[in-house]
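# Any chance you can model this:
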Amino acid sequence: MPFPSLLRDVILLRRGPQDMPYSPRLLVLVCGASVLLQLAIAHVLAIPGDALGAGLIGLAFNLGLLYLLLRLRHVSSRFVQTAIALTACAIVFAILSAPIVLAVGGKPPTPGTMTPLQALLGMFALPVVVWKLIVDAHILRHCLDLPFAGGLLIALFWIIAELVLGAAIGGPAGAA
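Purely as a prediction, here's the structure:
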């Protein structure tokens, strides 16, 4: 089955990471695409700072955390397929949310400076964020042999960890 069809099925919760091809080369390509997407978004939005450094740190954090979780569950052989699924899905969701981020005007403002239009546009982003959380939980549930609630809990903590890392390095560490 072609990769785009597999990716679509993972996003629609029809397949899991175990259905992704085991291809270290594809993983490198997907990771490269993720960093390039982050660079493009940072360029279009004129986000100050080192977008390449932030993208590489975020990617290393995500891949490292995934490897650690898989290692703790004694299923590290699932790393390549799971990393492909998580990273490729993150790319899709970053692309889906890009028009909303562009319409808002870049980096989300603080709640006190947000205009009513920005708040409305933020509400349009909420379903994309929730669906990404569900897809991440679905992927984690399969790769870690957990119930969906366990995958959801890990996905929630993962997002919080990405936000903390992004704030610490001054950029969106886990944007794609």
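
# Please point out which parts of the helix or strand encompassing residue 137 sit buried.
Using DSSP states H and E, residue 137 sits within helix 116-144. Neighbour counts using 16 or more other Cβ atoms under 10 Å place 118, 121-122, 125, 131-144 of helix 116-144 among the buried residues. Where C-beta positions appear, they are placed from N, C-alpha and C, glycine not excepted.

# what does stretch 139-158 give?
Across stretch 139-158, burial judged by 16+ other Cβ under 10 Å covers 139-144, 146, 151-152, 154-155, 158.

# So for residue 171, what pLDDT did the model give?
Confidence at residue 171, expressed as pLDDT, is 56.

# Offset the numbering so it begins at 615, please.
Sure, I'll start counting at 615 from here, so that last one is residue 785.

# So which elements touch the helix or strand encompassing residue 776?
Using DSSP H and E, the element containing residue 776 is helix 762-783. In terms of contacts (3 or more Cβ pairs under 8 Å, 6 or more residues apart in numbering; DSSP states H and E), helix 762-783 is packed against helix 665-686, helix 730-758.

# Select, out of these, the one closest to residue 622.
Put simply, out of those the one that sits nearest residue 622 is helix 730-758, at 11.2 Å, with distance taken as Cβ to Cβ.

# quick one: the closest one to chain centroid distance?
In terms of Cα atoms, centre = their mean, to the nearest Å, the centre of helix 730-758 is set 10 Å apart from its chain centre.

# in what helix or strand does the residue nearest to the spatial centre of the chain lie?
Among the residues of the chain, the one closest to the centroid is residue 704, at 3.3 Å (Cα atoms, centre = their mean). Secondary structure assignment for residue 704, by DSSP H and E: helix 693-718.

# For that helix, buried residues please.
Neighbour-count burial for helix 693-718 flags 693-708, 711-712, 715, 718 (criterion: 16+ other Cβ under 10 Å).

# Tell me who's in contact with the residue nearest to residue 714 when sequence neighbours are not counted.
The spatial neighbour of residue 714 that comes closest, neighbours along the chain excluded (Cβ to Cβ, 6 or more residues apart in numbering), is residue 739 at 4.6 Å. Residue 739 makes contact with 711, 714-715, according to Cβ atoms under 8 Å, 6 or more residues apart in numbering.

# which one of those sits closest to residue 655?
Proximity of those to residue 655 was ranked by Cβ to Cβ; the top entry is residue 715 with 7.3 Å.
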